[in-house]
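1. pasting a predicted model and its sequence here:
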Amino acid sequence: MIRSSVLKTIAILAVVAACWPFATSRNADAWGFFGHKRINRMACFTLPPAMFGFYKRHIDFISDHAPDPDRRRYAVPEEAARHYIDIDHYVKPGEDPFSVVPRTWDMAVAKFGEDTLQAYGIVPWHIPVVYGRLVRAFQRGDVDRILYYSAELGHYVGDAHVPLHTTENYNGQLTNQHGIHAFWESRIPELSAELNYDHLVGRATYIDDPLGIAWDAVRASHAEVDSVLGIERALNERFPEDLKYVFEDRGRGVMRFQSQEFTRAYEDAMGDMVERRMNASIITLGCFWYSAWVDAGQPDLDRYEQKDVSDSLKMILAAEDEVIKMAKQSLGRPEPNE
């Protein structure tokens with residue numbers, strides 16, 4: 001029964017993909033679900049009036065589908081590498097990886113080989129790819145693709161701003177700090193963002209070097225890695241053991257999480273790092289959206305303001321959702337919470 005359902009869903013995806021090449025073909029035109037949705041939603045408010053009406057009308061779609069690339073890891077083997085770059089893999093301790101790894105894809109492939117790059121992550125190179133697709137969507141006046149790629153771009157931009165998406169020690173597995181990934185990018189925002197974070201980050205401005213901005217985000221994130229790990233390690237050693245964790249019912253059963261007290265102590269010790277990285281994600285995403293619109297010739301979005309998402313895109317997302325639901329684990333590098 002399961003096998004026949006899987007085959008049926010794959011068949012649906014294949015048929016729909018024939019009409020929508022962008023859904024499955026790469027060559028065609030770290031924040032947890034809560035954080036990714038919030039980044040996409042708040043980025044809409046950085047846009048100028050000529051864009052805001054369109055994005056405001058579709059704000060729920062853009063925010064609701066922000067986590068889709070994470071979910072797609074359960075169905076698409078190539079997806080995982082698009083979310084991170086283990087930049088420290090390429091150097092010995094103490095060396096500057098950003099002087100070793102070329103910024104351009106072709107030069108990086110020539111130096112390390114594509115298999116190696118895919119193995120250790122490609123997020124700074126994938127962001128400009130999705131950016132280019134968004135530019136073309138604006139040029140064509142294709143509402144579905146504008147919304148789809150706006151949501152997708154938000155996810156990868158957000159991931160580039162997470163320190164633990166830039167290191168081989170992405171879940172503390174090399175330093176006996178298992179679980180720190182979700183602690184930093186999910187638990188802290190879930191407990192703090194709604195009440196304590198100020199997301200007034202200003203207005204989006206034009207980006208003339210999307211690849212450079214993607215690399216700047218990775219560099220700024222990587223600069224925080226030692227603090228993320230070191231502060232948690234020190235706090236863990238001195239915090240009372242019986243106050244570190246709580247059990248919460250999340251619908252899928254009772255699960256263990258860091259307590260509010262432990263989480264607050266960790267966030268306080270880091271200063272406003274999580275809020276700063278989230279806000280940097282928000283304004284950078286807004287700048288990417290705005291720049292894509294400018295590069296497309298600033299098309300009049302008001303004429304699309306009343307147009308809804310097409311049935312064909314809804315079919316693609318529904319079929320993809322069915323495949324993901326039947327998957328047992330993500331493909332590629334294991335997710336930190338697996």
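-> Nice, I can see it.
2. could you pull out the helices for the stretch 101-250 of the chain?
-> Assigned by DSSP state H, counting those that start in this stretch, the stretch 101-250 of the chain shows helices spanning 105-112, 114-120, 123-140, 143-160, 180-182, 188-196, 210-222, 225-238.
3. buried residues in the third one?
-> So the one you mean is helix 123-140. Within helix 123-140, the residues scored as buried using 16 or more other CB atoms under 10 Å are 123-131, 133-138. For glycine as for every other residue, the C-beta is placed from the backbone atoms N, C-alpha and C.
4. and it, average pLDDT?
-> For helix 123-140, mean pLDDT is 98.
5. report the angle between that helix and helix 210-222.
-> 140 degrees (axes from the mean of the first three to the mean of the last three CA atoms, to 10 degrees).
6. and helix 123-140, what does it pack onto?
-> With contacts taken as 3 or more CB pairs under 8 Å, 6 or more residues apart in numbering; DSSP states H and E, helix 123-140 sits against helix 143-160, helix 210-222, helix 273-295.
7. could you give the separation of that helix from the chain centroid?
-> Distance of helix 123-140 from its chain centroid, counting by CA atoms, centre = their mean, to the nearest Å, is 15 Å.
8. hmm, who's touching that helix?
-> With contacts defined as CB atoms under 8 Å, 6 or more residues apart in numbering, helix 123-140 is touched by 22, 26, 29, 82-85, 103, 105, 108, 117, 145-146, 148-150, 152-153, 156-157, 159-160, 165, 210-211, 214-215, 217-218, 288-289, 291-293, 295-297, 299.
9. kindly report the same for stretch 103-120.
-> Applying CB under 8 Å, 6+ apart, the external contacts of stretch 103-120 come out as 78, 81, 85-86, 89-90, 101-102, 124-125, 168, 211-212, 215.
10. for it, buried residues please.
-> Residues of stretch 103-120 classed as buried by neighbour count (16+ other CB under 10 Å): 105, 108, 112, 117, 120.
11. one more: stretch 148-161?
-> Here stretch 148-161 shows 148-161 as buried, counting by 16+ other CB under 10 Å.
12. which residue lies nearest the spatial centre of this protein?
-> For the chain, residue 155 is the residue whose C-alpha lies nearest the centre (CA atoms, centre = their mean; 2.9 Å).
13. looking at the helices of the stretch 101-250 of the chain, which is closest to residue 64?
-> helix 143-160 (8.1 Å; CB to CB).
14. taking helix 123-140 as reference, get the angle to that closest one.
-> Here helix 143-160 points in a direction 160 degrees away from that of helix 123-140 (the same axes, to 10 degrees).
15. send me helix 143-160 as CSV with only the CA atoms.
-> Extracted in CSV, the C-alpha atoms of helix 143-160 (Å, rounded to 0.1, in the frame of the first residue of the first chain):
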residue,chain,number,x,y,z
VAL,A,143,3.5,35.5,-10.0
ASP,A,144,4.0,31.8,-9.0
ARG,A,145,7.7,31.9,-9.6
ILE,A,146,8.1,35.3,-7.9
LEU,A,147,6.5,33.9,-4.7
TYR,A,148,8.2,30.6,-5.0
TYR,A,149,11.7,32.0,-5.3
SER,A,150,11.1,34.8,-2.9
ALA,A,151,10.3,32.2,-0.2
GLU,A,152,13.2,29.9,-1.3
LEU,A,153,15.7,32.8,-1.3
GLY,A,154,14.7,33.7,2.2
HIS,A,155,15.5,30.3,3.5
TYR,A,156,19.0,30.1,2.1
VAL,A,157,19.8,33.7,3.1
GLY,A,158,18.6,32.9,6.6
ASP,A,159,20.8,29.8,6.7
ALA,A,160,23.9,31.8,5.6
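16. other SSEs contacting it?
-> Where contact means 3+ CB pairs under 8 Å, 6+ apart, helix 143-160 is packed against helix 32-43, helix 59-64, helix 68-72, helix 123-140, helix 210-222, helix 273-295, helix 311-326.
17. ok now it, how far from the chain's centre?
-> Centre-to-centre, helix 143-160 and its host chain are 9 Å apart (CA atoms, centre = their mean).
18. same check on stretch 74-85?
-> In terms of CA atoms, centre = their mean, the centre of stretch 74-85 is set 11 Å apart from its chain centre.
19. any buried residues in it, and which?
-> Neighbour counts over stretch 74-85 (16+ other CB under 10 Å) mark 74, 75, 76, 79, 80, 81, 82, 83, 84, 85 as buried.
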